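A.B. asks: Pasting the sequence and the predicted coordinates here, then a few questions.
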Amino acid sequence: MSSETKQILTTDGIPLEVSLKKAEKKNKIKAFLLVAPLLLFLIITYVFPIGEMFSRSIDDKMITNMLPKTFKEMEKWDGQELPSEEVFTAFYYDFKVLVEKQEHGKLGQRLNKEKNGFNSITKKLFRQVKRKKIDESTSIKKQIMKVHKRWRNVEYWQAIKRTAPPYTMSKYLKGMDMYYAADGSIAQVEEDRRIHRILWLRTLEIAFFVTLFCFLMGYPIAHLLATLPMKYSNLLMICVLLPFWTSLLVRTASWMILLQQQGVVNDFFVMIGLVADDNRPEMMYNKVGTYVAMTQILLPFMVLPLYSVMKTISPSLMRAGKSLGGTPFVAFWKVYFPLTIPGIGAGCLLVFILAIGYYITPALVGGASGTLISNQIAFHMKQTLDWSFASAMGLMLLSGVLVIYWIYNKLVGVDNIKLG
Amino acid sequence: MALPSYTETRYRIWHYIYIAICTFVFFFLIAPLFVIFPLSFNAEEFLVFSEGMKNLDPDAFSLRWYKDMIYGTKNPWGLAAKNSFIIAIFATIGSIILGTLAALGLSSRHMPYKGIIMATLISPMIVPLIISGVAIFFFMAKVGLAATHTGIVLAHIILGTPFVVITVTATLSGFDHSVTRAAASLGSNPVNTFMKITLPLILPGVISGGLFAFVTSFDEVVVVLFLAGLENTTIPIQMWTGLREQLSPTILAVATCLIILSTLILISAELLRRRSERLRGINR
């Protein structure tokens, strides 16, 4: 019996299977076309630019484009002793082009970052080239070596060779307080100059403790909201939702007023005799301010997921636990708490993700000891204009966040995020 | 939360501690907002409660900072408010259109690669704003839209759509697809079906997503800081500058207005949520 005789046909005489597949495909395309405008929009304006940040962060084409002939000759050089006559000649002709284009200064500055002392010797060489003191008919190597003794030092030529690749990871190393040493190996910055590592650790520390505080404060009130009768819990819910809907800057401003030295919190401490009037503690422009303000601002993001999970737990489970002989504590710990773990995971991950990238609040109430990695990124974007370094730091932060996002997606599912 | 009469003393104590903790947390959440109200009516220039205010002396209160906000010379708030509203309204419209379409596609069971696409569409909400700001700034600078209203509106559409996608997909999850099939079988074309059947049913979700998008745009400062020129200043930018340089009571007057606005938005969002639950037959 062949399979064809068993096939079911539609009224048009097409096998049902084919017809169904066709309909399925049509539906797929239809669904995809609905998503396409937003997806395309986001890819062009958002996903690609983030990719562009990556190419910007590793870009080091400047010198590669400035000294094309030199690097071609240097391919043959072993990098041990002074390079050959050909390398010097190629470098001379590259340099001459730069002098004509008036770009020799940029070369000197960039090479100076690689090795100190380049700026002055490129300037010296520039003067010689400008006055046409270099005779192109005899050995250029000898004449360049005569310009300054550093041109006779092989370390300087090694430094030039290191800048040859069009890409560099140096910005990422800088973000972790490391750099390429003279011999090309990776070295640590001196201990008292390791500012970025402190910032990373502080960012993690603040994000961790803010998450912990939010959990400790959010869990009881989420429980209360979920167990109270509707008419009371709706009213109390406003206390959670109003801050949630209020402008971030307004909430930060209110903390600035509360925490200042003559502020309400300090007044209160003086009133109850906790601190002396002439010895009011500084609670803003340091870590304390960052902790307090960020905890209050992020607390709703902890309460809402916890609440939506606790709402689904039937109160009879606790009663059953108690009736089977558990004390209220045992019943809570063995029955109720494990059921709320999905909500705890969702809330903690959400708060942690938000806290780790926080910018506005730390910048306003954090002062010097309360700033986070985001503030450093903004600083390099706006003040030093080192955009490739800002991009590198941003991507390092982003990779951390994406890992947590991935865990969140596995545990909770992005389509389970609930708002309000 | 009355305790049954047979509760042992130690659990009674625990219960009162628990109530005390909850009271403290609610106070911690809501009280900071209420500090702003009285201080915005301060007659003096300082941001502390003066002796007169503590004694409820009527002379210690005044509307001068509200007057300054509205009539003050070289005052940026008028322009900032105008810009903020224009940008937020256009960003909301854009987010609603793109987000609702995408949510319709995503909740179809035929949608391929649902997980990864959903994750991409939600990502602007998850990626730290500072990184979004840098990336969007690079893009807008390249296409020449930096320091224009269009650029900021586009940036806010990016940030606002995830909220619309989330709320509309949530509404659609309880949506009975047989009603659209019924409409189709009665001869309605897809556009007509959407306008007459689907849209009215998912409208609460769409509007509440729109409210989120509006608030996101209206309150957004990090990305705008990168994009805005002097012409495109917004309320959050003005507040940010004000808070960094000098806390003036005028800012508190603005903040009070913003709190009133957010209260109104909260009330509409809550009413919408309840209406939506009623429509979907979820009774809690």
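C.D. replies: Great, that's in hand. Numbering: from 1, shown residues only, chains lettered A, B, ... in the order given.
A.B. asks: who in the stretch 151-284 of chain B is up against chain A?
C.D. replies: Contacts of the stretch 151-284 of chain B with chain A, taken as C-beta under 8 Å from any C-beta of the partner chain, map to B:154-155, B:157-158, B:161, B:163, B:165-167, B:169-170, B:208, B:212, B:215, B:218-219, B:221-222, B:225-226, B:236, B:239-240, B:243-244, B:247, B:251-252, B:255, B:258-259, B:262-263, B:265-266, B:269-270, B:273, B:284. All C-beta spots, glycine's among them, are computed from the backbone N, C-alpha and C.
A.B. asks: Buried among the residues you listed? Make that a ChimeraX selection.
C.D. replies: Here is the ChimeraX command that picks out the buried ones among these, judged by 16 or more other C-beta atoms under 10 Å in any protein chain shown:
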select /B:154,155,157,158,161,163,165,166,167,169,170,208,212,215,218,219,221,222,225,226,236,239,240,243,247,251,252,255,258,259,262,263,265,266,269,270,273
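A.B. asks: Mind checking which of the residues of the stretch 151-284 of chain B next to chain A land in helices?
C.D. replies: Among those, the residues falling in helices (DSSP state H) are B:154-155, B:157-158, B:161, B:163, B:165-167, B:169-170, B:208, B:212, B:215, B:218-219, B:222, B:225-226, B:236, B:239-240, B:243-244, B:251-252, B:255, B:258-259, B:262-263, B:265-266, B:269-270, B:273.
A.B. asks: contacting residues for residue 210?
C.D. replies: Using chain A here. A:291, A:294-295, A:298, A:351, A:355 (C-beta atoms under 8 Å, 6 or more residues apart in numbering or on different chains).
A.B. asks: Chain B is the one I meant
C.D. replies: B:92, B:95-96, B:164.
A.B. asks: how about a cut-off of 7 Å?
C.D. replies: B:92, B:96, B:164 (C-beta atoms under 7 Å, 6 or more residues apart in numbering or on different chains).
A.B. asks: rewinding a little: so which of the contacts of A:V210 comes closest to chain B?
C.D. replies: A:T295 (8.3 Å; C-beta to the nearest C-beta).
A.B. asks: And the pLDDT for the residue lying closest to the closest one once chain neighbours are set aside?
C.D. replies: Spatial nearest neighbour of A:T295, chain neighbours left out: A:F213 (4.5 Å); criterion: C-beta to C-beta, 6 or more residues apart in numbering or on different chains. For A:F213, the pLDDT comes out at 96.
A.B. asks: unless I'm mixing things up, A:V412 is touching A:I344, no?
C.D. replies: No. Between A:V412 and A:I344 there is no contact under C-beta atoms under 7 Å: 10.8 Å.
A.B. asks: Identify the contacts common to the two.
C.D. replies: What both A:V412 and A:I344 touch, as defined by C-beta under 7 Å, 6+ apart, is an empty set.
A.B. asks: contacting residues for A:P342?
C.D. replies: A:V309.
A.B. asks: quick one: what helix or strand has it in it?
C.D. replies: helix A:337-356 (DSSP states H and E).
A.B. asks: Please state the offset of that helix from the chain centre?
C.D. replies: Computed by C-alpha atoms, centre = their mean, to the nearest Å, the chain-centroid distance of helix A:337-356 equals 20 Å.
A.B. asks: Next, the buried residues of it.
C.D. replies: Buried residues in helix A:337-356 (16+ other C-beta under 10 Å): A:340, A:342-356.
A.B. asks: same question, stretch B:110-130
C.D. replies: B:110-111, B:114, B:117-130.
A.B. asks: Near chain A, list only the ones from those residues.
C.D. replies: Restricting the buried residues of stretch B:110-130 to those near chain A by C-beta under 7 Å from any C-beta of the partner chain leaves B:110-111, B:117-122, B:124, B:126-130.
A.B. asks: ok, those residues vs A:R162, which is closest?
C.D. replies: B:I130 (31.5 Å; C-beta to C-beta).
A.B. asks: I'd like to know how far that closest one sits from A:Y359.
C.D. replies: Using C-beta to C-beta, to the nearest Å, B:I130 is found at 5 Å from A:Y359.
A.B. asks: Number of residues surrounding the residue in chain A positioned nearest to chain B?
C.D. replies: Nearest to chain B in chain A, going by C-beta to the nearest C-beta, is A:G357, at a distance of 2.3 Å. A:G357: 25 surrounding residues under other C-beta atoms under 10 Å in any protein chain shown.
A.B. asks: So it sits against B:I130, correct?
C.D. replies: Yes. Between A:G357 and B:I130 there is a contact at 6.2 Å, judged by C-beta under 7 Å.
A.B. asks: Give me the nearest residue to the residue of the stretch 101-250 of chain B found nearest chain A, chain neighbours excluded.
C.D. replies: Closest approach between the stretch 101-250 of chain B and chain A, counting by C-beta to the nearest C-beta: B:P128, at 2.3 Å. Nearest non-adjacent residue to B:P128, counting by C-beta to C-beta, 6+ apart: A:G357, 2.3 Å away.
A.B. asks: The one you found and B:G205, how far apart?
C.D. replies: 28 Å.
A.B. asks: Please apply the same query to A:I8.
C.D. replies: Taking C-beta to C-beta, one finds A:I8 at 40 Å from B:G205.
A.B. asks: Could you do B:R12 as well?
C.D. replies: Where B:G205 is concerned, B:R12 sits at a distance of 44 Å (C-beta to C-beta).
A.B. asks: With neighbour numbers in mind, choose between the two.
C.D. replies: Between B:R12 and B:G205, B:G205 has the larger neighbour count (other C-beta under 10 Å), namely 27 against 11.
A.B. asks: So the more buried one: helix, strand or coil?
C.D. replies: helix (DSSP: H, G, I helix; E, B strand; the rest coil).
A.B. asks: contacting residues around it?
C.D. replies: Residues in contact with B:G205 (C-beta under 7 Å, 6+ apart) are B:167-168, B:170-171, B:276.
A.B. asks: do A:C348 as well
C.D. replies: A:211, A:215.
A.B. asks: Of all the residues in stretch A:276-295, which ones are buried?
C.D. replies: Buried residues in stretch A:276-295 (16+ other C-beta under 10 Å): A:280, A:283-295.
A.B. asks: Low-confidence stretches in the stretch 151-284 of chain B?
C.D. replies: Within the stretch 151-284 of chain B, the stretches with pLDDT under 70 are B:279-284.
A.B. asks: again with the stretch 301-420 of chain A
C.D. replies: Scanning the stretch 301-420 of chain A for pLDDT under 70 picks out A:414-420.
A.B. asks: can you map out the helices along chain B?
C.D. replies: B:9-40, B:51-54, B:64-71, B:77-106, B:114-126, B:129-142, B:149-173, B:178-185, B:190-193, B:199-219, B:222-227, B:235-245, B:249-279.
A.B. asks: Make a markdown table out of these and add distance to A:R131.
C.D. replies: Converted to a markdown table, the helices of chain B look like this (distance: least, C-beta to C-beta, whole Å):
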| stretch | distance to A:R131 |
| --- | --- |
| helix B:9-40 | 69 |
| helix B:51-54 | 76 |
| helix B:64-71 | 65 |
| helix B:77-106 | 57 |
| helix B:114-126 | 58 |
| helix B:129-142 | 41 |
| helix B:149-173 | 50 |
| helix B:178-185 | 84 |
| helix B:190-193 | 78 |
| helix B:199-219 | 61 |
| helix B:222-227 | 46 |
| helix B:235-245 | 52 |
| helix B:249-279 | 61 |
